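Chemist: Kindly generate the corresponding structure for this input.
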Amino acid sequence: MKRTCIKDALIINEGKRFVGSVVIEDERIAEVLPQDENPQYPCDELIHAEGLYLIPGVIDEHVHFRDPGLTHKADMHTESMAAVAGGVTSFMDMPNTNPQTTTLEALEDKFNDAAQMSVANYSFYFGATNSNAHLLSELDKRTVCGVKLFMGASTGNMLVDRLDALKSIFRQSPILIARSIHY
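Modeler: Sure thing, here's the model as predicted:
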């Protein structure tokens, strides 16, 4: 297991700003240390970061990657590469793609594609419709970031405009419901 220490950086995290070190162990943060503290165990690599900033990666919770359906514009690989280049380490993609992410099969396809193409951490919203609330109880709250509920003009069949459907969605969803209202 490889341990890397980024030493004496200006760390900005959780509302604090201090000089210190971050130890990374097998691509995960193992320790965050104040300037005069040494790592718990020896490190294989030391990166001197005096005068440099070390900040956490950004999580973008609302992206519209064009995969599937509009990959001539961009795909999960190119979009995740652009995200990482800008400091975004995790993204959550919206369901209004082609095909829409409104079935368990379409959701599984997106996860499979991301496993092959994404260079960032990822999750996907599941799109609610007037007729798919029965699927919500099957969503895995450890991997699916939320249910997207369109309550105004929307693409395709994702407009939820029936009271019985809304009640069913709220009753059956095991995870966060994010809504959009467009006038």
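
Chemist: Can you tell me the SS state at the residue lying farthest from the centre of the chain?
Modeler: Computed with C-alpha atoms, centre = their mean, the maximum C-alpha offset from the centroid of the chain is found at D36, amounting to 34.2 Å. Classification of D36 using DSSP: H, G, I helix; E, B strand; the rest coil returns coil.

Chemist: For the lengthiest helix in the chain, report the contacting residues that lie outside it.
Modeler: The single longest helix within the chain, with elements called by DSSP state H, is helix 104-117. Defining contact as C-beta atoms under 8 Å, 6 or more residues apart in numbering, one finds that helix 104-117 is touched by 67-68, 75-77, 80, 93, 97, 99-101, 122, 124, 126, 135, 138-139, 143-144. For the C-beta atoms, the positions are set from N, CA and C on the backbone; glycine is no exception.

Chemist: how about that helix: buried residues?
Modeler: Neighbour-count burial for helix 104-117, counted by 16 or more other C-beta atoms under 10 Å, picks out 106-107, 110-111, 113-114, 117.

Chemist: Can you tell me the element the most centrally placed residue in the chain falls in?
Modeler: Closest to where the C-alpha atoms of the chain average out (C-alpha atoms, centre = their mean) is F91, at 3.0 Å. Element membership of F91, judged by DSSP states H and E, is strand 88-93.

Chemist: quick one, that strand and helix 104-117 angle?
Modeler: Put simply, strand 88-93 runs at 160 degrees to helix 104-117, going by axes from the mean of the first three to the mean of the last three C-alpha atoms, to 10 degrees.

Chemist: Quick check: mean pLDDT of strand 88-93?
Modeler: For strand 88-93, mean pLDDT is 94.

Chemist: partner strands of that strand, parallel or antiparallel?
Modeler: Strand 88-93 has its sheet partners listed here by DSSP bridges as strand 58-63 (parallel), strand 121-127 (parallel).

Chemist: Please identify the buried residues of the first one?
Modeler: Residues of strand 58-63 classed as buried by neighbour count (16+ other C-beta under 10 Å): 60, 63.

Chemist: what comes into contact with it?
Modeler: Residues outside strand 58-63 that contact it (C-beta under 8 Å, 6+ apart) are 79, 83, 86-94, 145.
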